[in-house]
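1. Turn this into a structure:
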Amino acid sequence: MYKIAVLGERDSIYGYAALGLNIFPVNNVEEAVKTLKYLANGQFAVVYITESYHAKLESEIENYRESCIPAIIPIPGVSGNTGMGMLNVKRSVERAVGSDIIFNDK
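-> Model prediction:
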């Protein structure tokens, strides 16, 4: 059975442990890359990652964009929501249908 992981700054992800999710606090980009590779090649189907680390690991995350597992999903951290999650939804919809049918941005 697959598991769910949460990757990011300790202060941002600590509460997810109370929900039964596996948390992986990291302190720097190198540690985050190593942990993401472990999570992507293991038994985790969903990896939530704080928006700040998602931005720093964009090139690494791109390696997993076309694969079904793991789904790598940005979540807000303690610094707040940057809108990255909605931007990823928009990109996914545009890739799937060929145009922006949800947001209708100019």
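2. Just give me the neighbour total for the nearest residue to residue 32 once chain neighbours are set aside.
-> Computed as C-beta to C-beta, 6 or more residues apart in numbering, the closest residue to residue 32 that is not its neighbour in sequence is residue 26, at 4.4 Å. In this view, the C-beta of every residue, glycine as well, is placed from N, C-alpha and C. Neighbour count for residue 26, taken as other C-beta atoms under 10 Å: 20.
3. mind checking how far residue 26 is from residue 13?
-> 9 Å (C-beta to C-beta, to the nearest Å).
4. what's the spacing between residue 14 and residue 47?
-> Using C-beta to C-beta, we find residue 14 at a distance of 17 Å from residue 47.
5. Kindly apply the preceding question to residue 78 instead.
-> For residue 78, the distance to residue 47 - C-beta to C-beta - is 19 Å.
6. what's the helix or strand where residue 54 lies packed up against?
-> Element membership for residue 54 (DSSP states H and E) is helix 51-56. Here helix 51-56 touches strand 3-8, helix 29-40, strand 71-75, helix 84-97, going by 3 or more C-beta pairs under 8 Å, 6 or more residues apart in numbering; DSSP states H and E.
7. Would you mind getting the angle between the second one and strand 71-75?
-> With axes from the mean of the first three to the mean of the last three C-alpha atoms, to 10 degrees as the basis, helix 29-40 and strand 71-75 are set at 140 degrees to each other.
8. Just want to know which of residue 78 and residue 47 has more residues nearby.
-> residue 47 (24 against 13).
9. next structured bit after the helix holding residue 54?
-> Per DSSP H and E, the first helix or strand lying C-terminal to helix 51-56 is helix 58-62.
10. And the average pLDDT for that next one is what?
-> Helix 58-62 comes out with an average pLDDT of 91.
11. in it, what's buried?
-> Buried residues in helix 58-62, counted by 16 or more other C-beta atoms under 10 Å: 60-61.
12. by contact count, what packs against it?
-> Helix 58-62 packs on helix 29-40, going by 3+ C-beta pairs under 8 Å, 6+ apart.
13. could I have the helix it packs on exported to PDB, CA atoms only?
-> Output of helix 29-40 as PDB, limited to C-alpha atoms (Å, rounded to 0.1, in the frame of the first residue of the first chain):
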ATOM      1  CA  VAL A  29      18.300  22.200  -0.800                       C
ATOM      2  CA  GLU A  30      20.800  19.300  -0.900                       C
ATOM      3  CA  GLU A  31      19.000  17.500   1.800                       C
ATOM      4  CA  ALA A  32      15.600  18.200   0.100                       C
ATOM      5  CA  VAL A  33      16.900  16.800  -3.200                       C
ATOM      6  CA  LYS A  34      18.200  13.600  -1.600                       C
ATOM      7  CA  THR A  35      14.900  13.200   0.300                       C
ATOM      8  CA  LEU A  36      12.700  13.800  -2.700                       C
ATOM      9  CA  LYS A  37      14.700  11.100  -4.700                       C
ATOM     10  CA  TYR A  38      14.100   8.700  -1.800                       C
ATOM     11  CA  LEU A  39      10.400   9.400  -1.700                       C
ATOM     12  CA  ALA A  40      10.000   9.200  -5.500                       C
END
